[in-house]
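J.: Test case, fold it:
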Amino acid sequence: MRKPELSGRMAKWSVHLSGYDLEFESRTAIKSRATRTLCRLTQRLRTRAEQDILNLEEDKGEQVWELHMDGASNAKGAGVGLVLKSPQGDLIVQAVRCEFKATNNEAEYEALILGLKLALDLKIRRLQVCSDSKLIVNHVNDCYEARDPRMMAYLDVAKELKNRFVTNSSEENTPDWRKPYLDWLQNDILPAYKKEKSTPRNPQSNGQAESSNKIIVENLKKKLEEIRGKWAEELPLVLWADRTTPKVEMASSLDTIDELRTSAQIRMASYRQTVARSYNKNVKVRTLQVGDLVLRKVFQNTKNQQVGKFAYNWEGPYKVESAVGNGAYRLVTLEGQMVPRSWNITHLKKYFT
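T.: Below is the predicted model:
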């Protein structure tokens, strides 16, 4: 600590911690008491996590979320992408490939509808939607008129979803920028503007200079103690520490960093579960009945290498002999011969004669 200009971060901590009476004590051996403490902490954290999830459900409705979405289409197909941003900065990202042909505008509408449905599943009531499609934005805001039948159908669905959110009137929430000038012209009241950031030309604009001076004086007092006559020697070090220290309460930030991380993990876990439920509710379970004729997918190790590119991708038909469970089935050939192993339904499809 004799050469703080070489010790980097240690100088900042020495200035910050010098005002506290700190003593170092070595950690004692960890025994069975730690296990009991861990059990109590685990139960306490579980209870707190459940309460935090309930608070999330209550707060989501009143806070404003952001939805950024986009859709695109080309010769290979269409796809949509969306990002939901929470007021705390958490991001929920989704990308979906459309299994049907769609134009670029239709893909944009698909992204909008998917994002609105996801927000409703998350019980979000206030949502700000951001899109780069001028057509979609003006359709939804009633600035453009939709004439194409498909665009009209998409617009009806989008507006029906939009009406399920809380909308704020721009007149109630957006201040009129003309009011200061009208007051000046009508009532001879000069506009008053408060600068929120100081500049090198005018550092006293918002009290930043006075605040910095107060911090520097307090740090000098902590460093000098009884030898107050040497303040000129300590001043460069205190100035360096002040300039390189983030202007936040370092101690409180370090004390609450674990709680902030835990809260963020709880939020993201809750969001992931809700998004998974929202996605799975659209999944259609496919089942087969005993006696159904099916085709089995041909794998690389079962493909006839002599045929090459002209080999079939599906082989059969086979008959479903029994259901094993969890989407797996046992098959037999049309001659009644048992096929080895059970086969998952993802590798089977119905055969229609």
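
J.: how about stretch 333-345: buried residues?
T.: Under the neighbour-count criterion of 16 or more other Cβ atoms under 10 Å, stretch 333-345 has 339, 342-343, 345 buried. The way it works is simple: take the backbone N, C-alpha and C, and place the C-beta from them, glycine included.

J.: pLDDT score assigned to the closest residue to Arg164 other than its chain neighbours?
T.: Spatial nearest neighbour of Arg164, chain neighbours left out: Leu120 (6.2 Å); criterion: Cβ to Cβ, 6 or more residues apart in numbering. In this prediction, Leu120 carries a pLDDT score of 90.

J.: Leu120 is in contact with Lys162, isn't it?
T.: No: taking contacts as Cβ atoms under 8 Å, Leu120 lies outside contact range of Lys162: 10.5 Å.

J.: returning to that earlier point: list the contacts of the residue nearest to Arg164.
T.: By Cβ atoms under 8 Å, 6 or more residues apart in numbering, the residues touching Leu120 are 161, 164-165.

J.: Put together JSON lines for those residues, with pLDDT and secondary structure on each row.
T.: Below are the contacts of Leu120 laid out as JSON lines (pLDDT from 0 to 100; DSSP: H, G, I helix; E, B strand; the rest coil):
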{"residue": "Leu161", "pLDDT": "92", "secondary structure": "helix"}
{"residue": "Arg164", "pLDDT": "91", "secondary structure": "coil"}
{"residue": "Phe165", "pLDDT": "89", "secondary structure": "coil"}
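
J.: So which other helices or strands are in contact with the longest helix along the chain?
T.: For the chain, the helix reaching the highest residue count under DSSP state H is reported as helix 250-280. Helix 250-280 sits against helix 32-60, strand 91-98, helix 104-121, with contacts defined as 3 or more Cβ pairs under 8 Å, 6 or more residues apart in numbering; DSSP states H and E.

J.: again, 6 Å this time
T.: helix 32-60 (3 or more Cβ pairs under 6 Å, 6 or more residues apart in numbering; DSSP states H and E).

J.: and the next element down the chain from the helix it packs on?
T.: Heading C-terminal from helix 32-60, the first helix or strand you meet, by DSSP states H and E, is strand 64-74.

J.: His139 and Leu67, how far apart?
T.: Relative to Leu67, His139 is positioned 16 Å away (Cβ to Cβ, to the nearest Å).

J.: okay, the buried residues of stretch 333-345 in JSON lines with pLDDT, distance to Lys76 and secondary structure next?
T.: Listed next are those as JSON lines, based on pLDDT from 0 to 100; distance: Cβ to Cβ, whole Å; DSSP: H, G, I helix; E, B strand; the rest coil:
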{"residue": "Val339", "pLDDT": "89", "distance to Lys76": "35", "secondary structure": "coil"}
{"residue": "Ser342", "pLDDT": "90", "distance to Lys76": "35", "secondary structure": "coil"}
{"residue": "Trp343", "pLDDT": "89", "distance to Lys76": "30", "secondary structure": "strand"}
{"residue": "Ile345", "pLDDT": "88", "distance to Lys76": "27", "secondary structure": "helix"}
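
J.: Pick the one among those residues closest to Phe352.
T.: Set against Phe352, the nearest of the buried residues of stretch 333-345 by Cβ to Cβ is Ile345 (16.5 Å).

J.: ok, how many other residues are close to the residue nearest to Val157 when sequence neighbours are not counted?
T.: With Cβ to Cβ, 6+ apart as the criterion, Val157 has its nearest non-adjacent residue at 5.7 Å, and that residue is Ile113. If you count neighbours by other Cβ atoms under 10 Å, Ile113 ends up with 17.

J.: same thing with Ser263?
T.: Using other Cβ under 10 Å, Ser263 has 17 neighbouring residues.

J.: Over to Val320?
T.: 20.

J.: so it sits in a strand?
T.: Yes: Val320: assigned to a strand according to DSSP: H, G, I helix; E, B strand; the rest coil.

J.: gap between the residue lying closest to it once chain neighbours are set aside and Asn313?
T.: Counting by Cβ to Cβ, 6+ apart, Val320 lies nearest to Asp292, which is 4.8 Å off, once chain neighbours are set aside. Computed as Cβ to Cβ, the Asp292 to Asn313 distance reads 20 Å.

J.: Show me which of these two is the more surrounded one.
T.: With neighbours defined as other Cβ under 10 Å, Asp292 and Asn313 compare such that Asp292 has more, 15 against 9.

J.: Next, the buried residues of stretch 233-244.
T.: 234, 237-238, 241.

J.: thinking again about what came up before, among the buried residues of stretch 333-345, which one lies nearest to Asn282?
T.: Of the buried residues of stretch 333-345, the one sitting nearest to Asn282 (Cβ to Cβ) turns out to be Ile345, at 17.9 Å.

J.: what about the residue nearest to that closest one when sequence neighbours are not counted, how many neighbours?
T.: Closest residue to Ile345 apart from its sequence neighbours, by Cβ to Cβ, 6+ apart: Gly327 at 4.5 Å. Neighbours of Gly327 under the rule other Cβ under 10 Å: 16.

J.: what's the pLDDT at Gly327?
T.: On the pLDDT scale, Gly327 gets 86.

J.: Next: Lys117.
T.: In this prediction Lys117 is given a pLDDT of 92.

J.: Just give the number of residues close to it.
T.: Applying other Cβ under 10 Å, we find 15 residues neighbouring Lys117.

J.: which non-adjacent residue is nearest it?
T.: Here the residue nearest Lys117, using Cβ to Cβ, 6+ apart, is Leu161, at 6.7 Å.

J.: so how far is Tyr109 from the one you found?
T.: 11 Å.
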